[in-house]
Each structure stands twice: as C-alpha cells, then as structure tokens.
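Q: any chance you can model this:
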Amino acid sequence: MSHAPQTAVIDLMTTLLSTTLGVQTSVLFPDSAELADIDYSLRKSIFTGLDAKELFCSMMERAEEKYIYSITDHFFSQYILMPLPEKKDCGCLLVGPYLTEEANEFLYNRAINRNRLTLETLPVLKKYYQNLSIVDPARITAALNHIAAFLYEDHHDLTIRYMTEDWNEQYSGWNYVPDPEHAFSIHVTEKRYAAENEFLDAVMRGDQVLAVRRFEAFLDFRIAPRYKDPIRDSKNLIIVLNTLLRKAAEKAVVHPVYLDEISHHYAVQIEASTSCLQLENLRIEMVRKYCILVQNQSLKNYPPLIRDLLNHINLNLSSDLSLKSLSQMFSVNASYLSSLFRREMTMTLTDYVNGRRIDTALKLLNTTDIQIQDIAYYVGIEDVNYFTRIFKKKIGVSPTEYKKSIRPA
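A: Sure thing, here's the model as predicted:
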C-alpha cells in the first residue's frame, strides 16, 4: 500500500481515537520534539534535566512492526505503541497516557514511593492523574487491529507485547524542581485554555458539529471537584459554561435581548436538574442551541447601520416599519437606506419585514390559540386581508387553512 492511503487511514484513526476515547493520540518518530512532553510534561515538571523523550525514543527504537506494545510507566499510567509499516519512514502510533481505573490515594502513594518523591509533589501528581481518561486498553488494541488490516496485506491480529519503564540506579541523583505544581499547572492550564478558546471560536461561528467536537475535547481536561455534592459541583460548572456560551454569542454580535432570553432559560434548567446525567445531557443541548442562536441572529457580517436596523425590526415587529418611518428614525435618506438594505440582504426592506412578521405569526399559530386577526395585529399588520395575502404568498396556504392543517377538528 502506498504512503498516501496509509497516511489517510492513520490520520482518520488518530482522530477517532482521540475524540471517541479522549486519549492523546499521535504519530511520532524517535527524534520527534513532541516526545519530551508526551506525558503532559510530568517528568519535566518534577525532575531537573529529565523529560519523556529519552524513554519513548528507546522504546520506539526497540519496537518491531506487526506488534502492539502495552506500556506501563513508572507512574502507573498506560500507553499503547504500534510501529507503522516501514517504521523508519512512517514512525509509530502512540496512544496515551491514560488510566484503566480511577486514580485514588493508593495510586498517589504508590507513585510517590516508587519514584522516591516527597509529599511536596502530591499536588502535581493529582493534577496529572485528573487529566487522564479512564479507558479499557482492549478498545484501543481492537481499533489498532482494524487499522493494521488496512496497512498489512497479510493481516492477522497483532501480538501484544508488554513493556515497563526501566529506571535503574542512574536516576537516584536527580534533583527536584522547587515548585513542580506550578510548572505542571502552567503546561496543563495553557492546553486547557487553548482548547476552550477553540471551542468558543466554533460557537461564535455557529458551527454545531465543530463546536460539539471541540467541547468534548475540552472536557478531557478534568477540573478537580470543588464541592462534595457532585450535583452541585456539576451545576456550578455548567453555570460557568452558560456564561462562556453567552459571551461567545455576544462576540458574534447577537442582540442582548436574545442572549438574555437563552441565558435565563438555561439558568432555570440548570437549577431544576436533579441528576448528573441530566446535567451532562443539558450541556450538549446548550452548545447546540447557542450555535443555532448564532446562526439565526448573528449580525457580525453586516455594517453597523444594517445591524441596528435589523435589531430594531426584529424587536419591534408590531411598530410602523415602513421605509419612510425607518429612514426618519435612523436619520438617513430613504433611497440610500433602501439600496443599502437590498445590497446587504439581497432582498427589499418590505420583503424582509413581511418575512419576519410571517415567521412570528407561524410560531403563534403553532403554539397558541390566539385568533388570526389578533395575530395579525400582534405582528404589526392591522389589515387582516393584507396579512392573509402575504401569508399565503410565503406559506402557500391561508392562515385559516394552515391552522386547520396543524389542528384538525
């Protein structure tokens, strides 16, 4: 198989592993600079003059093709290594670090004792373990066997070899970094904020699919609980999420009225939730709904005059929205306003106003029992016959016929 198809398959698999399992997945070579921080800079932050590069470089050099290597390091975290065909040119697929079970005090103590650390390093160890996903390694090896089927013509399930980190006595002379917690915190915090910004950027663009994917990647950075009650802790985190989403939509130039409406709605929903599962489902819904709000209400790409005009129209549908009235309100020439609106919106001002009024009328017909003449008045059209005419022009049926179709007798 040529390198181009191989690369496509490998890129797809690394993306799937990373997003579905929440585990760092990379294609690396023994001389890759990224190896130094593959352990989220844990070794670099605890010890002077040590990083993970030498360790993984030696493992990659020893690893043979058509084998999967399950690696347990000195901190009891796990990695999966798979050399790719023609390893010298294509490198190795490295998955990890991850854990197979939740970290606890027993693990912290084992790591401290095994690595001859002091209790001063406990905070940095806890942050490291909190950042790792809990994964069944069988899921990773199964995925790697699938990718091997594309890479090797004579494929059969790859044999798993087990490797452990070998420290020897040469490490006994290491010195401790004075403030390891600070060094580790900087590295993880920088990555977490970068992931947060990428997620919020997708929301600001109204891209639902990308926003959800980036939000799930952001969730890989676990935040230590601040309350003993897990529901209260989850609620507080989602309250923060609600604020972040509102600010992202605000940057997309969504009017504050809409922001306040959706923010208040979810503030009530958050407090009404009674389980962590409800809250987990709610946060994905929030990401999607804020993206939809941006899609429908963002005025970022319009000039200031059109922004102000659209906001006024959308928030005052029952008012006089004629070209004459609006040009006087915004102190501009009527013909200039008409041509500017047509150029920016690719429709006339009258067509836009009528379209927004009919959209609002549809919502009222679908959700209320208000009489048709009252709906017409509510959306700013006092002449019911005119309302019926423009409604039928846009929807294809009269308001009465539409109401009968959604609420048959």
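Q: what's the first helix or strand after the helix or strand of the chain with the lowest mean pLDDT?
A: Least confident helix or strand of the chain, by mean pLDDT, DSSP states H and E, is helix 87-90 with a mean of 69. Later in the chain than helix 87-90, the nearest helix or strand by DSSP states H and E is strand 92-98.
Q: just the C-alpha atoms of that next one, please, in CSV.
A: Provided in CSV are the C-alpha atoms of strand 92-98 (Å, rounded to 0.1, in the frame of the first residue of the first chain):
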residue,chain,number,x,y,z
CYS,A,92,5.0,4.9,15.4
LEU,A,93,1.4,5.4,16.6
LEU,A,94,1.4,6.3,20.3
VAL,A,95,-1.7,6.4,22.3
GLY,A,96,-1.7,7.8,25.9
PRO,A,97,-1.2,8.4,28.7
TYR,A,98,-4.4,7.0,30.2
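Q: list the contacts of that strand.
A: With contacts defined as Cβ atoms under 8 Å, 6 or more residues apart in numbering, strand 92-98 is touched by 10, 13-14, 17, 21, 23-29, 38-40, 56, 60, 63, 71, 73, 77-84, 132-135, 140, 144, 147. To be clear about C-beta, it is placed using only N, CA and C from the backbone, and glycine gets the same treatment.
Q: apply 6 Å and report the result again.
A: Contacts to strand 92-98, defined as Cβ atoms under 6 Å, 6 or more residues apart in numbering, come from residues 17, 23, 25-28, 39, 60, 77-83, 132-133, 135, 140.
Q: that one pairs with which strands, parallel or anti?
A: Looking at strand 92-98 with DSSP bridges, its partner strands are strand 25-28 (antiparallel), strand 78-83 (antiparallel).
Q: care to break the protein down by domain?
A: Following automatic domain parsing, the chain resolves into domains at 3-178, 189-297, 304-406.
Q: mean neighbour count added to the ones you listed, as JSON lines?
A: Output for these, formatted as JSON lines (neighbours: other Cβ atoms under 10 Å):
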{"stretch": "domain 3-178", "mean neighbour count": "16"}
{"stretch": "domain 189-297", "mean neighbour count": "16"}
{"stretch": "domain 304-406", "mean neighbour count": "15"}
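Q: the ones you listed: lowest mean pLDDT?
A: If these are sorted by mean pLDDT, domain 3-178 sits at the bottom with a mean of 79.
Q: please report how far residue 274 lies from residue 231.
A: Look at residue 274 and residue 231: by Cβ to Cβ, to the nearest Å, they are 7 Å apart.
Q: typed the wrong thing, it's residue 268
A: Applying Cβ to Cβ, the value for residue 268 to residue 231 is 16 Å.
Q: ok, the residue nearest to the spatial centre of the chain - contacts?
A: Closest to where the C-alpha atoms of the chain average out (Cα atoms, centre = their mean) is residue 215, at 1.7 Å. Applying Cβ under 6 Å, 6+ apart to residue 215 gives the contacts 199, 287.
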